[in-house]
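>>> Got a predicted structure here, sequence first:
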Amino acid sequence: MARALITVPPNAKRGEVIEVRVLIQHPMETGYRPGSDGRILPRDLIRKFSCRYDDGKSNEIVFSAELYAAIAANPLISFHTVATGSGTLTFLWEGDNGFMQSEMAAIKVS
Amino acid sequence: MLAPALAAPLTDTPGDPARGRAIVANRQVGLCLLCHSAPIPEERFQGDLAPSLAGAGSRNTADQLRERIIDSRKLNPQSIMPSYHRADGFSRVAPAQAGKTIFTAQQVEDVVAYLMTLK
Amino acid sequence: MNRRQALATLAVVMVRPAFAAEGDLAGAIRTWTGGAATKEGRVKLDIAELVDNGNAVPITVTVDSPMTAANHVTAIALFNEKNPQRDIARFQLGPRAGKAQVSTRIRLATTQRLVAVAKMNDGSFWTHNVDVIVTLAACIED
Amino acid sequence: MSPATQAMQKDDTQNPAMLWVKDGEALWSKPAANGKSCASCHNDAPKSMKGIAATYPAFDTQSRRPIHLSERINLCRKNKQDASPLPPEHQDLLSMESYVALQSRGMSIAPHRDKRMSEFFTRGEKHYKQRIGQLDLSCAQCHDDNPGKRLAGTPIPQAHPTGYPIYRLEWQGMGSLQRRIRNCMSGVRAEPFAFNSTEMAELETYLASRAAGMAMDAPAVRP
C-alpha cells in the first residue's frame, strides 16, 4: 500500500473552516515520458480523489478532484472544509492499473 | 589529430556561421551557454561563469578563437573551459566519449565562423 | 557538421513531439465551460513567476466567494498552455468547503501560461491567467 | 534554492520526503525472518539514533574503511537480521536512511576526526580537486571557485551534503548523495565512481569534513 500523510486538525470548533492536507506516494507516470530504453513509459496516474465527511448527521463528499498528468509525483492536495461535527474524514484515491486506496482521519468538534 | 599549427583552420571547408550558432545554442552539443552568455535571445537561461561571447569577434582573431576552443588549457592551465578538440590527457572519461573530442574539426570551424560574426 | 550529422541532430530534436501539445488552451477551456463566456476576476492563481524545477511547482487557487448555500464556487479547473495535455486538475467543491482555496503541486514542461477557471453556482465562470518562466535544468539526469 | 522549494522542505506536512520517513519508521520495528528488527537492538530511534547520521561516513573496523550510513544499515541486516543486503537506492534502504537521518535534524555535522580516517579524507580531497571526464572539470572548479554563479539557469551550490537522502524534484523521488555525485560525474562525461566503492567513501568523507559544523536538514528537498 502506498504511504499517505494526512494532516487534519484533531480538534476544531463547530463552524470553523479547517485546512485538510493529503500527500500520497505515487509516481504519477505521465504516459508521455521515455524510459531509459527510449520507449514511452506506460501511463500510471491517480485519476480521482475524494474526501467524504461523516459528522454523525450526514455522510457526504465535501471535496473531490480529477487529476491529470500535470500533477506532480507524490501528489499533494490541500483544501478546506467546515467542521460541522465530530466524526471521520474518509479519503479515497483511485487511478490507473486498479489503484485504489482509502485512508481515514478522526476529527473532534466542540 | 595533430594540426601542425594550432591556429590554422582545421578543415578545407570554411566554417558556417549559421551552423556555428546552432552548435553554440545547443546545450548538449556546444554546451557553451551553460557558462557563457551569447546574443542568442531565444535561449533564455545562459550561464555567467565565463565572459559573454558578445563581441568575441572584435576582441580576437579567428586564429585566437580557434586556439582557445581547441585547447583553452594551453593558454591558461586553470581555465574551466573544456578543450573541445583534444582527445587525450583526460582522466576517467566515460566509455562513450573515450578517445573522442567534444567537437569535430568542422564543428570547431563552424563555431569560430559564428564567433567572428559577433563584433 | 556534414549532412548526416545535421540529420542526426534533427532527429534528436524530432523526438520532442512526445511532449508536443494536444489541442489549444482556449479550446480546452471552452470544452469545460460548455461554451459559456468567462470573465476575468474573482479568481487568484498563486504560483512563483520563476520556477527552478518544473517537476513539482506549488500552486494555489483562491476564489473570492462567501461559500454560502446561496453563493458559492462549485468547481475550479486548472489549464496549461504547453504541457502534452491541456488539463491539470479539476476540483469540485461547495458550501461545505467554507473557503474556496485549493493547493497542489504541478508539472510544467516549459515556460508557459496557466489559467484557473472557477464555476459559480449561478452558472458564471471567472478566470485568472499567469505566465510562468521555467528554468531549464543545467544537468539533466541520464 | 527557491523560496517554494525551501517551503516544501520546512513544512513536514508538505515535504514529500516525509513519506519515506514514515516508511522507515514502520520498517524500524518490522522483524526480519529471524525475528529481529532494528528496534530489537536499538530500541527507540528518536533516542538511539539521535545525532548518528551526522557522524557518517564512519570508520568500519571490519572493512577498514569509512562506510556510508546505508552500508551500515546493510551490515546490520546481514550480521544481526540474517537478511540480504538491499541494493543501492532501494526504496526501503532510502526510507530507513531518511528515518535515521531525521533524528539528526538541526544537529551539527560532526564527522569522526579519527586518525584512521585521515588517509581517506586526503584521497577524497584529491578526488574533489581532480579534473575528470571529457569536459575536464573538477568538483572544486564549480563548487569552490564558482558557487552562486549560474550554470545555465541554475545557481551552483557549495556542495555541502547537509540534507541526504534528499527528495530531488529532478528525480521525483528520494536518492542518496552517491546518486547525486554520480549525476555530476556523468554531467562532465566522466565514468562515475561505483556505488559503495572506496573512492566514493573517500569523496564522501572529504565532503562531510568540509561541511563539519553545518546543521543537518535531512531529509531535504532540492531542485
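Sure thing, it's come through.
>>> Which helix or strand lies directly C-terminal to the lengthiest helix in chain B?
If you go by DSSP state H, chain B has its longest helix at helix B:62-75. Helices and strands here follow DSSP states H and E; after helix B:62-75, the next one along the chain is helix B:105-116.
>>> now the angle from that next one to helix B:62-75?
Counting by axes from the mean of the first three to the mean of the last three Cα atoms, to 10 degrees, helix B:105-116 points 110 degrees away from the direction of helix B:62-75.
>>> Which positions in the longest helix of chain B come out as buried?
Buried residues in helix B:62-75, defined by neighbour count with 16 or more other Cβ atoms under 10 Å in any protein chain shown: B:62, B:65-73. For every residue, glycine as well, the C-beta is placed using N, CA and C.
>>> So among those, where is pLDDT lowest?
pLDDT across those is lowest for residue B:73, at 90.
>>> Can you give me the distance of that one to residue B:13?
Per Cβ to Cβ, to the nearest Å, residue B:73 is found 27 Å from residue B:13.
>>> do residue D:95 as well
57 Å.
>>> how about the longest helix of chain B as PDB, C-alpha atoms only?
The C-alpha trace of helix B:62-75 is given here as PDB (Å, rounded to 0.1, in the frame of the first residue of the first chain):
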ATOM      1  CA  ALA B  62      39.800  33.700 -35.900                       C
ATOM      2  CA  ASP B  63      43.100  32.000 -35.100                       C
ATOM      3  CA  GLN B  64      43.000  33.100 -31.400                       C
ATOM      4  CA  LEU B  65      39.400  31.900 -31.100                       C
ATOM      5  CA  ARG B  66      40.300  28.600 -32.700                       C
ATOM      6  CA  GLU B  67      43.200  28.000 -30.400                       C
ATOM      7  CA  ARG B  68      41.100  28.700 -27.400                       C
ATOM      8  CA  ILE B  69      38.300  26.300 -28.500                       C
ATOM      9  CA  ILE B  70      40.700  23.500 -29.400                       C
ATOM     10  CA  ASP B  71      42.500  23.600 -26.000                       C
ATOM     11  CA  SER B  72      42.000  26.500 -23.800                       C
ATOM     12  CA  ARG B  73      44.200  25.000 -21.100                       C
ATOM     13  CA  LYS B  74      47.200  25.600 -23.400                       C
ATOM     14  CA  LEU B  75      46.600  29.300 -22.800                       C
END
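>>> For residue 106, which residues are in contact?
All of this is about chain A. A:10, A:87-89 (Cβ atoms under 8 Å, 6 or more residues apart in numbering or on different chains).
>>> try again with chain D
Residue D:106 makes contact with D:215-217, according to Cβ under 8 Å, 6+ apart.
>>> repeat that with 10 Å
D:54, D:215-218 (Cβ atoms under 10 Å, 6 or more residues apart in numbering or on different chains).
>>> could you pull out the strands for chain D?
D:58-60, D:65-67, D:150-151, D:154-155, D:166-168, D:173-175, D:220-222 (DSSP state E).
>>> OK, now which residue of chain D is nearest to chain B?
For chain D, the residue closest to chain B is residue D:153, as judged by Cβ to the nearest Cβ, at 3.0 Å.
>>> Surely residue A:47 touches residue A:93?
Yes - with contacts counted by Cβ atoms under 10 Å, residue A:47 reaches residue A:93, the gap being 8.9 Å.
>>> and these two? which has more neighbours close in?
Taking other Cβ atoms under 10 Å in any protein chain shown, residue A:47 and residue A:93 do not tie; residue A:93 has more neighbours (23 against 15).
>>> what helix or strand is the more buried one on?
With secondary structure defined by DSSP H and E, residue A:93 is part of strand A:87-95.
>>> what secondary structure does residue B:47 sit in?
coil (DSSP: H, G, I helix; E, B strand; the rest coil).
>>> That one and chain C: what is the separation?
8 Å (Cβ to the nearest Cβ, to the nearest Å).
>>> is stretch A:18-38 up against chain B anywhere?
No - judged by Cβ under 10 Å from any Cβ of the partner chain, stretch A:18-38 and chain B are separated, with a smallest distance of 14.2 Å.
>>> buried ones in that stretch?
Within stretch A:18-38, the residues scored as buried using 16+ other Cβ under 10 Å are A:18-26, A:28-30, A:32.
>>> What residues does the residue nearest to residue B:47 when sequence neighbours are not counted make contact with?
In space, and not counting its chain neighbours, residue B:47 is closest to residue B:35: 4.3 Å by Cβ to Cβ, 6 or more residues apart in numbering or on different chains. Residue B:35 makes contact with B:46-51, B:53, B:80-82, C:138, D:142, D:146, D:149-152, according to Cβ under 10 Å, 6+ apart.
>>> Sort out which of those residues are buried, if you could.
For these, buried by 16+ other Cβ under 10 Å: B:46-50, B:53, B:80-82, C:138, D:142, D:146, D:150-152.
>>> Check the residues you listed for the minimum pLDDT and say which it is.
residue C:138 (56).
>>> Now tabulate the buried residues of helix B:62-75 in CSV and tack on distance to residue C:102.
As requested, the buried residues of helix B:62-75 are arranged in CSV below (distance: Cβ to Cβ, whole Å):
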residue, distance to residue C:102
B:62, 59
B:65, 54
B:66, 57
B:67, 59
B:68, 54
B:69, 52
B:70, 56
B:71, 56
B:72, 52
B:73, 55
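>>> surely residue B:39 meets residue B:53?
Yes - applying Cβ under 10 Å as the test, residue B:39 and residue B:53 come out as touching, 7.6 Å apart.
>>> and residue C:60, which of the strands of chain D is closest to it?
With Cβ to Cβ as the criterion, residue C:60 lies closest to strand D:220-222 of those, at 17.7 Å.
>>> which stretches of chain A form strands?
Using DSSP E, the strands found in chain A span residues A:4-7, A:11-12, A:17-24, A:46-54, A:59-67, A:76-82, A:87-95, A:100-109.
>>> Out of those strands, which gets nearest to residue D:101?
Evaluated over the strands of chain A, closeness to residue D:101 peaks at strand A:4-7, with 17.5 Å, by Cβ to Cβ.
>>> Can you list the strands that that closest one pairs with?
Strand A:4-7 pairs in its sheet with strand A:17-24 (antiparallel), by DSSP bridges.
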